[in-house]
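> below is the structure, and that's it, no one-letter string:
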């Protein structure tokens, strides 16, 4: 049972957090100078962006069973919520923040909760029902709340209820995704797959922001901050830009180990490109290949556009590679020194091209990892006519390595 309760509590916290994003997006046009907080002033709170003073406090309740759960006159949701607001120093201040109980349940006609709904508001009836419940209930868990309510001055009780609203019938968990899409209609890119990716990025952004608020690393997030982030994300879904959906943090040690012995790694070994430099090269490669796959899958990048980009990279490499080979002066060197010189020249070529921003997949896409990773992908290409390399003798060296691998595999088969 404890595990079940913990699951319900976790679901409630997630719902509260996700509901806050929906509320922020759908009210952004009417609250441009406001911000939202989580677990600071209340479960959720709308605040003034300059002073961080609360303007509306919201208790958010998720119920996935009975339609009226938590909204009876003696229900813990009602009394525990009132106790939270009664403990505030501005409990009797008519000019204090609005107090909203947000719940997926539906208030039943005749209850205090029903009388506190905006469309059926009757604060005097709500007070009458709550006073009766406070006197009649025998529930131990709501006793402190009921005693506190009865102990308030009558004018304070009325002022408190004058600010309380019950916002019942809120969207269930399964509708959050749909409501987010509706709120983002103005910013969604064309195409179902691109829209799915866009919405997923908005969710990921929000959950990162929410974690920062819950951990105390930030106090609030303003409407303008979220709106600006969404607009900037939308700008990446254009014909001159692309969204980055594969973050650095997504690359694991398992991914890195997977590329041991890959052809592009062999190319780097030929020029003694090792240690941390090799590790970052593998990370760039993995991100680039994964990112490109997602773009193609979401129809954000056309195959012909990709081929043109690869041709430009290869042309840039051809020019620099030929210059490197022409500038080599090896005649007076011993074989060992000549090899050192070739390796150094290959590293210089690689480092130069990895820093180059002359060729981009789109005019406004300037994430460096993609072009760097694409160069490594070309270095590991299966088709040797399309392959690039760093060592001046990379063609011959790769052929020798391939022959050696083939011979050892043949010997192993013969031994078996």
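Good, I have the coordinates. Just so you know, these numbers come straight off a predicted model, no measurement behind them.

> any idea which residue of this structure is furthest from its center?
Distance to the chain centre peaks in the chain at residue 332, reaching 57.8 Å (criterion: C-alpha atoms, centre = their mean).

> what values do phi and psi take at it?
phi -90, psi 10 (degrees, to the nearest 10).

> over to residue 35?
The phi/psi pair for residue 35 (degrees, to the nearest 10) is phi -140, psi 170.

> can you get me a residue count around it?
22 (other C-beta atoms under 10 Å). Quick note: C-beta positions are derived from backbone N, CA and C, even for glycine.

> what's near enough to touch it?
46, 47, 48, 49, 52, 220, 221, 222, 223, 225 (C-beta atoms under 8 Å, 6 or more residues apart in numbering).

> please apply the same query to residue 122.
Neighbours of residue 122 in contact, by C-beta under 8 Å, 6+ apart: residue 115.

> same check, this time on residue 177
residue 199.

> tell me the secondary structure at it.
Here residue 177 is helix, with the state taken from DSSP: H, G, I helix; E, B strand; the rest coil.

> residue ranges of each domain in this protein, please.
Following automatic domain parsing, one finds the domains of the chain at 2-179, 250-409.

> so how far is residue 89 from the residue farthest from the centre of the chain?
Here residue 332 is placed at a distance of 87 Å from residue 89 (C-beta to C-beta, to the nearest Å).

> can you count the residues close to residue 311?
The number of residues near residue 311, taken as other C-beta under 10 Å, comes to 12.

> point to the residue nearest the middle of this protein.
So for the chain, C-alpha atoms, centre = their mean, it's residue 204, sitting 1.7 Å from the centre.

> could you confirm residue 101 falls within a strand?
Yes - under three-state DSSP, residue 101 falls within a strand.

> flag the shaky bits of the stretch 301-416 of the chain, pLDDT-wise.
Within the stretch 301-416 of the chain, the segments meeting pLDDT under 70 span 405-416.

> repeat that with 50
406-416 (pLDDT under 50).

> what are the boundaries of the helices in the stretch 1-150 of the chain?
2-26, 76-86, 112-115, 123-136, 143-151 (DSSP state H, counting those that start in this stretch).

> hang on, the earlier thing: and the residue nearest to the centre of the chain, how far is that from residue 292?
Residue 204 is 20 Å from residue 292, by C-beta to C-beta.

> cool, and residue 167?
45 Å.

> give me the residues contacting the longest strand seen in the chain.
In the chain, taking DSSP state E as the definition, the longest strand is strand 54-61. For strand 54-61, the surrounding residues in contact (C-beta under 8 Å, 6+ apart) are 12, 15-16, 19-20, 23, 34, 37, 41-48, 70, 77, 81, 84-85, 97-105.

> mind checking which of these are buried?
12, 15-16, 19-20, 23, 34, 37, 41-47, 70, 77, 81, 85, 97, 99-105 (16 or more other C-beta atoms under 10 Å).

> what sits against the residue lying closest to residue 15 once chain neighbours are set aside?
Leaving aside its chain neighbours, residue 15 sits nearest to residue 62 (4.2 Å; criterion: C-beta to C-beta, 6 or more residues apart in numbering). Taking C-beta under 8 Å, 6+ apart, we find residue 62 in contact with 11, 12, 15, 16, 103, 104, 173.

> the fourth one contacts residue 42, doesn't it?
Meaning residue 16. No - if you go by C-beta atoms under 8 Å, residue 16 and residue 42 don't touch, sitting 10.1 Å apart.

> strands along this structure, start to end?
Counting by DSSP E, the strands of the chain are 34-38, 44-48, 54-61, 98-103, 164-167, 221-222.

> tabulate the ones you listed (CSV), appending distance to residue 196 and mean pLDDT.
Shown next, in CSV, are the strands of the chain (distance: least, C-beta to C-beta, whole Å; pLDDT from 0 to 100):
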stretch, distance to residue 196, mean pLDDT
strand 34-38, 25, 98
strand 44-48, 27, 98
strand 54-61, 26, 97
strand 98-103, 27, 97
strand 164-167, 29, 97
strand 221-222, 24, 97
